[in-house]
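Novice: sharing a model that was predicted from the sequence below.
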Amino acid sequence: MTVIGLDDTDSRTAGMCSTYLATLVAEAIERAGDRVDRRLLVRLNPGVEHKTRGNAALALHTDADPETAMRLASELVESYAVDTDPRTSPGVVVADCDPEEIPDTVADFAREAVREFHDLDAALALADDAGFETRGWGGADTTGGDDVVGRGRIGALAAVGAWRAFDDWTYERISYREFDRCGTPREVDAESVFAAAADQYPRAWDTVDRGEGETVCVPNAPGPILHGIRGDDPEAVTVLAAAIESEPVERSALFVTNQGTDAHLRDGSLGSLRDRRAYRVDVTVVEPPETRRGGHVFFGVDGSEAAPVDSHDRASDLRCVAFEPTKRFRDRVRSLRVGDRLTVCGEVDDGTIKLEKFAIRDLVETDRVVPTCPDCGRSMKSAGADQGYRCRDCGTSEPGKREVSVDRDLEPGWYEVPPCARRHISKPLVRGGFDAPTHPER
């Protein structure tokens, strides 16, 4: 067997799509008389600075010989990869072994690539040690002038090791439009998408956002994807895709993927969080939610003891945010109160946890209020330091504030951003496997 990894062939602005190129490579291999057993779509660390769009790398598991695999992949990269964007720096890695026999070092590299950062020199040294062939293309880093030819070999190597690195996989059926239509508005019948999504839910998820009335599966980028259907069942995503009425579908492919798995999250604690990494953290709300300019909702969370220099460890430095694009999720955040205990999930950036989901562990259900006079019903006034409260009209008194019940709009359990705001790799609550009740968005 042979494993082909490729990455970084698209552009944030000029279109193209690495999944499309991988599909073309797979078709070329099959035309040559060889077999492609599996197509992997691997989402890497979403905090990587040099990502093009969704930071996806691709792998093909095939019985083609390594020389044929490298030749076909290279020819198609040279024909289709974006060469006008200085950020685009394609790379191909070919491994002459079964996916299950990839070395431990490469599997570890893949696992870390979803949560951490790798440099190209380390990737090339590791590939060389494993006996893998690599090839890179591209220009120079316009921000620093460093030679970054073939930076995509980092993601390509991670894709090669992904099958051994991960054990939670989902599926995506991607349908591609006729290539000469790229850059024009997509013609997809929204009513057919909503109907098909309802038929296959929850085996297929994040196809639409019913709350916002959006067809989430139809991208806005100028690339060749017409729609992408995600779910836990390969038959469900295939049937759903076939039921969508649209412009002509040029080709389609089924990918096995780590999308919707939360593979990017690690358990963390306040005091050891590092920027551009994603965590699952237990916190207590210490500053109430505040809606700021742009509609973003922030709230402060508690800090920790001594922490590394590059970490955030003071309450004033630690906050969570629900950005405006998370829409109705912000209402959940606005309902939080000081003292609520949560588990929050998201990427850290400059002392801010960008929320993807949170679990309520314990709600504040009482509040201490100034007592009212039992005779006249008016609020009592302070009688002085440590002297309780007194009604100035009736003379009645109370030793201190009274505890009253608070009605809460929230319940214990997990809450998530809606499908329209979900990151590719974030796990939807409908998939299950969470440690508390869930309140899925659809």
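Specialist: In hand now; what should we look at? Numbering: from 1, shown residues only.

Novice: wait, what's in contact with residue 190?
Specialist: Neighbouring residues of residue 190 by C-beta atoms under 8 Å, 6 or more residues apart in numbering: residue 215. No exception for glycine: its C-beta is placed from N, CA and C like everyone else's.

Novice: distance of it from residue 255?
Specialist: 24 Å (C-beta to C-beta, to the nearest Å).

Novice: kindly report the same for residue 201.
Specialist: 20 Å.

Novice: looking at these two, which is more packed in?
Specialist: residue 255 (26 against 19; other C-beta atoms under 10 Å).

Novice: okay, now the spatially closest residue to the more buried one that is not a sequence neighbour: neighbour count?
Specialist: Distances taken as C-beta to C-beta, 6 or more residues apart in numbering place residue 41 nearest to residue 255, at 4.0 Å, with adjacent residues excluded. The number of residues packed near residue 41 is 28, by other C-beta under 10 Å.

Novice: thought residue 379 was touching residue 392?
Specialist: No - look at residue 379 against residue 392 with C-beta atoms under 8 Å: they stay out of range, at 10.3 Å.

Novice: quick one, what contacts residue 57?
Specialist: By C-beta under 8 Å, 6+ apart, the contact set of residue 57 is 5-7, 18, 42, 44, 152, 155-156, 158-159, 162.

Novice: please narrow the residues you listed to those residing in strands.
Specialist: Mapping the contacts of residue 57 onto strands (DSSP state E) picks out 5-7, 42.

Novice: and which of the contacts of residue 57 is nearest residue 282?
Specialist: residue 44 (26.3 Å; C-beta to C-beta).

Novice: neighbours of that closest one, how many?
Specialist: By other C-beta under 10 Å, neighbour count at residue 44 equals 29.

Novice: pLDDT value on it, please?
Specialist: If you check residue 44, the pLDDT there is 95.

Novice: ok, it to residue 258 distance?
Specialist: Where residue 258 is concerned, residue 44 sits at a distance of 9 Å (C-beta to C-beta).

Novice: quick check: neighbours shared by the two?
Specialist: Shared between the contact lists of residue 44 and residue 258 (criterion: C-beta under 8 Å, 6+ apart) are residues residue 114.

Novice: and this structure, what are its domain boundaries?
Specialist: The chain is divided into the following domains under automatic domain parsing: 2-165, 170-257, 265-364+408-435, 366-405.

Novice: between these, which gets nearest to residue 442?
Specialist: domain 170-257 (5.7 Å).

Novice: wait, residue 115 touches residue 264, no?
Specialist: Yes - contact criterion C-beta under 8 Å: residue 115 and residue 264 qualify, at 5.8 Å.

Novice: ok so, going back, just name the closest of the contacts of residue 57 to residue 231, please.
Specialist: residue 42 (17.4 Å).

Novice: that closest one: how many residues sit nearby?
Specialist: Counted with other C-beta under 10 Å, residue 42 comes out at 31.

Novice: with the one 5 residues further on instead?
Specialist: Residues near residue 47, counting by other C-beta under 10 Å, number 20.

Novice: low-confidence ranges in the stretch 201-350 of the chain?
Specialist: 303-317 (pLDDT under 70).

Novice: so which residues of it form helices?
Specialist: Counting by DSSP state H, counting those that start in this stretch, the stretch 201-350 of the chain has helices at residues 234-243, 329-334.

Novice: do the same with the stretch 51-200 of the chain
Specialist: Under DSSP H, counting those that start in this stretch, the stretch 51-200 of the chain gives helices at 66-80, 104-113, 120-130, 153-165, 190-200.

Novice: would you list the ones you listed in JSON lines and tack on mean pLDDT?
Specialist: As requested, these are exported to JSON lines (pLDDT from 0 to 100):
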{"stretch": "helix 66-80", "mean pLDDT": "95"}
{"stretch": "helix 104-113", "mean pLDDT": "97"}
{"stretch": "helix 120-130", "mean pLDDT": "96"}
{"stretch": "helix 153-165", "mean pLDDT": "97"}
{"stretch": "helix 190-200", "mean pLDDT": "98"}
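
Novice: of those, which stretch is the most buried?
Specialist: Mean neighbours per residue, mean count of other C-beta atoms under 10 Å, is largest over the helices of the stretch 51-200 of the chain for helix 153-165, with a mean of 29.

Novice: so which elements touch it?
Specialist: For helix 153-165, the elements it packs on are strand 2-7, strand 36-43, strand 56-62, strand 91-95, helix 104-113, helix 120-130, strand 133-136, judged by 3 or more C-beta pairs under 8 Å, 6 or more residues apart in numbering; DSSP states H and E.
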